[in-house]
Structures are given as structure tokens and as C-alpha cells.
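1. Make a model of this:
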Amino acid sequence: MNVVYKKIAIGLAAGLLATSAYSGTYVYISNIEDADITAYELTTEASPHLNSIGRFPAGKFVMPMATSPDGKNLYASVRSKPFSLYMYQIDQGTGQLKWMGAIPLPDSMVNVSTDKTGKWLLATSFGGHNNSVSQIQANGYVNPVPAEAFQSGGKNPHSIVFDQSNKFVYVPQLGTDEIKVHTFNASQPKPLSETAVSVALQKQQGPRHIVISADNKFAYVITEMTGEVIVFTRDIKTGMLTQIQAASSLPVDSKLVPGRPRPPTGSPEATAFDDSNMIFSAEIKLTPNGKFLYTSERTKSTLSGFEVDPQTGKVKYLFTIPTEELPRGFNIDPSGQFLVAAGQKSEKVSLYSINQATGELNLIERVPGGKGANWVTFVKTK
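-> Below is the predicted model:
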């Protein structure tokens, strides 16, 4: 090999080593009681494993999190006073979090989301029934003064999610059994339309979280009170939803009864409220290839799996398995091969493999976690 080609080969090898050194899949879990974020690296070279890479301080009642599209920043909503958004830089080589500071939020925000341009952060409040829109600067810092803040138009919004085109935003209203459909234009100083079209669900279903398919043709909602997966077709031009299916996420022998809104904490009604046999569904996620869908239910602490028909969007119930106690949050890794589940009443975190042919979940390991674990977020660095 002559000197020139030898230098090129060495350079390419060094480049490949540098790339691999700065590529990883990281998992972040917010912990209400510990007021911190636990972080893990998902390693798969020998055998799949969640390797702890640290715990990072946050505020009491840190809950929903969102990441920037480039995977360089993480944002966490703290739902105790003073309501705040904590901002972190993600080290691309180690997954470590570097605290950038905190800014005030207008309310206790139950869900936060970044748009696909990385220029905007949206948040919604369950108790305050409002939405806010904040600009993200080039350095990842969020402007402390919202560009918009307005009432949601419903009651108890629980998530705020973009479609794949970045032109529409969906906000399920748990308290009024509807989904608000807003238009979004990232190039405008006030990108989110205050007016919205409403898509009605049945009374007392309690739509909670929503996911949009990768091809943008379908939307899937989990109902907190009835534990159903509601399947919608999407009009790509208008963003409108048309319901085509309601499938139970509970096994046929389930004895759970439909839930109902919980009284305010500390009230006499809350003391006497017995929800020990009520449906209490929480999260819903799709695999990246759209083949399988998963949900969680908190009363019995279970995960349920569904097969998705790619042509019709409809789902077929497959199974229900036990998981960590009170599984408020879980998520699927970017490769679609693994699922990580946390429990709000568990101090363990479960790692599952996803069978690519059947959708079956196989428990690989349980690793130490934090107290009050509730939100699971993945980041894959490049």
C-alpha cells in the first residue's frame, strides 16, 4: 500500500472510530419523589443491558420530558411550584446531562413536545386547561417568555403531539372526551392556532395520550377510563380524524370496571374514593415500523400488545403481561427492538425485547431505578 492510500485508510479508520465513539442509545426516566432523572445507556453488543450512567438533579414532581429533534437537548417539566421547565444538554458521546438552567412555565404542564424543526416547544396543563408555545433558540435554550399562552378550549388536556408533517397538533381533552386539532406553522411568530376543530369521543372514555403513525395516515388514542385503543384515519390535508375502531386493551377475563375522574387530592371525596377495581390506563406507543402497538394499565400494572394492519390501521389484541407497579410510563427504542417500562410505585426498571415477528415482549432484566418513576424518553445520538 503506498503512502497516500495508507494515510487515507488510517483517516477512514479514525473517522469510523470517532463515529462509533459518539453514537449511543440513551434512556432517561424522570422520578417524582427523588426529584431527579435517571439515565442509562442501552447496550446491545454482547447481550442487551441498561447500563446506569448517572442521576441528574431536577425539581420535585419532575414528570414529562421532551428532546430536541437533533438529540442534543432534553427538557423536563417540573409540576411543583414554582412550575418550571428544566433544560439540559445531552453529551453525544456519554449521554450525560448538563444542566442549562430553568425557566418558568405558566402552569403545571402535564405534557411537553418539540416540533420537528426544533424551533418550538409546546406544553399543555391538565389542571389549568391551557396550552403554551415557547421559542427554542439555536443554542437549545428556551425563551422564558411564551410566544403564546391560551386556554385549551376543553377540560383536562393530557398530551400535545405533532403529526409527521409538523402542520397539525393534537390535544386530547380527558375531561371533555374530545381531541382538539390545531393547525401549526413553524415559520410564524405565533405558530399554533388558538382555534381548533373538536373530534368527539364517547362520554367518560377519557382520551389521554395519542400517537401518530409514521406514514401519517392513522392516529391511536388510549382512553384512561375505559382502557380502549381508539383508531382514527387521518385526512393528511386537513388533519381531521375519523374513528374506525375501538379495541379493548384488557384481557377478556378482566374484572376491572370503567374508571371515573378522581376528586382533588386532599378533598373529603378523595379520602373515600376507591379506585382499586377501576380501569386506569396510561401510555400508548407504536413501534417505529408501525407493526405493533403497546399500552399500559396502572390498576393491575400491565402492558398490552397489539398487531397493527398497515393497510387499514386497525389493531388486533395480542396479549397482556404484568410489569412494574403503576406503569405510568414506558417507551420503545428507536430501533424498535426493545421496550423499557418504569413503575410509579416501583424502584426497578424493566427492559424487554420485542419479537419482530410476533410482537411478544420478553423480559431481559430489571435494573435499579428511582422513586416515583413516570416518564421514559429515548435519545439516539449520532
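
2. does Ile53 really touch Gly95, like I thought?
-> Yes. Ile53 is within contact range of Gly95, at 5.2 Å (criterion: CB atoms under 8 Å). Quick note: C-beta positions are derived from backbone N, CA and C, even for glycine.

3. Overlap of the contact sets of these two?
-> Both Ile53 and Gly95 are in contact with 26, 39-41, where contact means CB atoms under 8 Å, 6 or more residues apart in numbering.

4. how about the strands in the stretch 151-300 of the chain?
-> With DSSP state E, counting those that start in this stretch as the criterion, the stretch 151-300 of the chain has strands at 161-162, 168-173, 178-183, 197-200, 207-212, 218-223, 228-234, 241-248, 281-286, 292-297.

5. Please give the centre-to-centre distance between the third one and its chain.
-> Mean C-alpha position of strand 178-183 versus that of the full chain (CA atoms, centre = their mean, to the nearest Å) differs by 18 Å.

6. In the sheet, which strands lie alongside that strand, parallel or antiparallel?
-> Paired neighbours of strand 178-183 in the sheet (DSSP bridges): strand 168-173 (antiparallel), strand 197-200 (antiparallel).

7. quick check: angle from it to strand 228-234?
-> 30 degrees (axes from the mean of the first three to the mean of the last three CA atoms, to 10 degrees).

8. repeat for the second one
-> With the same axes, to 10 degrees defining the directions, strand 168-173 sits at 150 degrees from strand 228-234.

9. Check the last one too.
-> What separates the directions of strand 292-297 and strand 228-234 is an angle of 140 degrees, with the same axes, to 10 degrees.

10. swap in the longest one?
-> Relative orientation of strand 241-248 and strand 228-234, computed by the same axes, to 10 degrees: 160 degrees.

11. roughly how far is strand 241-248 from the heart of the chain?
-> With CA atoms, centre = their mean as the basis, the mean position of strand 241-248 lies at 21 Å from the chain mean.

12. And the fourth one, by the same measure?
-> Computed by CA atoms, centre = their mean, the separation of strand 197-200 from the middle of its chain amounts to 22 Å.

13. Name the residues that touch it?
-> 153-154, 177-181, 232, 239-241, 243.

14. Can you point out the buried residues in it?
-> 197, 199 (16 or more other CB atoms under 10 Å).

15. Equivalent analysis for the longest one, please.
-> Within strand 241-248, the residues that count as buried by 16+ other CB under 10 Å are 241, 243, 245, 247.

16. you'd agree Ala246 is up against Val229?
-> Yes. Counting by CB under 8 Å, Ala246 does reach Val229; the two are 7.4 Å apart.

17. Find residues that contact each of the two.
-> Listed as contacting both Ala246 and Val229 by CB under 8 Å, 6+ apart is no residue at all.

18. quick revisit: so Ile53 and Gly95 - more neighbours on which side?
-> Between Ile53 and Gly95, counted using other CB atoms under 10 Å, the more crowded position is Gly95 (22 against 19).

19. which residues touch the more buried one?
-> With contact set as CB under 8 Å, 6+ apart, Gly95 has these partners: 24, 26, 39-41, 53, 379, 381.

20. Take these and write them to TSV, including pLDDT and secondary structure.
-> As requested, the contacts of Gly95 are exported to TSV (pLDDT from 0 to 100; DSSP: H, G, I helix; E, B strand; the rest coil):
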residue	pLDDT	secondary structure
Gly24	94	strand
Tyr26	98	strand
Ala39	98	strand
Tyr40	98	strand
Glu41	98	strand
Ile53	98	strand
Val379	98	strand
Thr381	93	strand
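
21. shaky segments in this protein?
-> Along the chain, the model assigns pLDDT under 70 to residues 1-22, 264-266.

22. swap the cut-off to 90 and go again
-> Within the chain, the stretches with pLDDT under 90 are 1-23, 45-46, 260-275, 382.

23. just the helices in it please.
-> Ranges of helices within the chain are 3-21, 268-272, based on DSSP state H.

24. Quick one, which of the strands paired with strand 178-183 gets closest to Ile222.
-> Ile222 lies closest to strand 168-173 among those, at 9.0 Å (CB to CB).

25. one step back: farthest-apart pair in the shared contacts of Ile53 and Gly95, please.
-> Of all pairs drawn from those, the greatest distance, 7.9 Å, lies between Ala39 and Glu41 (CB to CB).
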